[in-house]
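S.K.: I would like the atomic coordinates for the input below:
(one chain, ligands or ions: 2)
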Amino acid sequence: MSPNIFEITKAAGFDAAHHLPAGGAEGSPYTRLHGHSFRVEATVRGEAVQPVGWVADLAELDRALRAIAGELDHGLLNEKPGLESPTLERLCVYFAERLKPEFPGLSRIVVSRPTIGESCALLVG
Ligand SMILES: Nc1nc2c(c(=O)[nH]1)N=C([C@H](O)[C@H](O)COP(=O)(O)OP(=O)(O)OP(=O)(O)O)CN2
Ligand SMILES: [Zn+2]
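M.R.: Ligands and ions are numbered 1, 2, ... in the order given. Alright, predicted model coming up:
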């Protein structure tokens, strides 16, 4: 029988300012400095490992996710290397690159702006 495969997910929030570079829609307001409340979810996929019977410790995922979100919280996203154009897409990649070394089973990152109903998902390869 093939083993059960699970997905565990942890979420964290941060508030940050950003602006997008010119080059998108003409007359776009996104080039002006503004802020959002963001939520990030990280999902790790795998078998439940014995003897505990879990994919990974959710507390460890929580710690790692909060550490990255905390570095972005109340900051200007554009100042972070890799976030010079801080779209939701780039934020997904930013979180994935930092979590993957510690969580090789990382399968999905979702970054959203819940108050305006926008989200982006990265399926991590
Ligand atoms: N594919 C993407 N499209 C857009 C992104 C993105 O990250 N990926 N980001 C933006 C801007 O960040 C923009 O601030 C989003 O705001 P908007 O959808 O306009 O909603 P707001 O409530 O903030 O603005 P209102 O003018 O009040 O509607 C755009 N697109
Ligand atoms: Zn924005």
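S.K.: what bridges to the closest residue to T9 other than its chain neighbours?
M.R.: Of all residues not flanking T9 in the chain, T43 sits nearest, at 4.5 Å (Cβ to Cβ, 6 or more residues apart in numbering). Where C-beta positions appear, they are placed from N, C-alpha and C, glycine not excepted. Using DSSP bridges, the bridge partners assigned to T43 are T9, R108.
S.K.: burial measure for T43, as a count.
M.R.: For T43, the count of nearby residues is 21 (other Cβ atoms under 10 Å).
S.K.: residue contacts, it?
M.R.: E7, I8, T9, L106, S107, R108, I109, V110 (Cβ atoms under 8 Å, 6 or more residues apart in numbering).
S.K.: wait, does stretch 111-125 contact ligand 1?
M.R.: Yes. Using Cβ under 6 Å from any ligand atom, stretch 111-125 reaches ligand 1 at I116, E118.
S.K.: quick revisit: show me just the buried residues among the contacts of T43.
M.R.: The neighbour count (16 or more other Cβ atoms under 10 Å) marks I8, L106, S107, R108, I109, V110 as buried among the contacts of T43.
S.K.: can you tell me how far the first one sits from ligand 1?
M.R.: In other words, I8. 26 Å (Cβ to the nearest ligand atom, to the nearest Å).
S.K.: Excluding chain neighbours, give the residue nearest to that residue in space.
M.R.: In space, I8 comes closest to V55 once its chain neighbours are excluded; the distance is 5.0 Å by Cβ to Cβ, 6+ apart.
S.K.: What's the local residue count around that neighbour?
M.R.: Count around V55 with other Cβ under 10 Å applied: 20.
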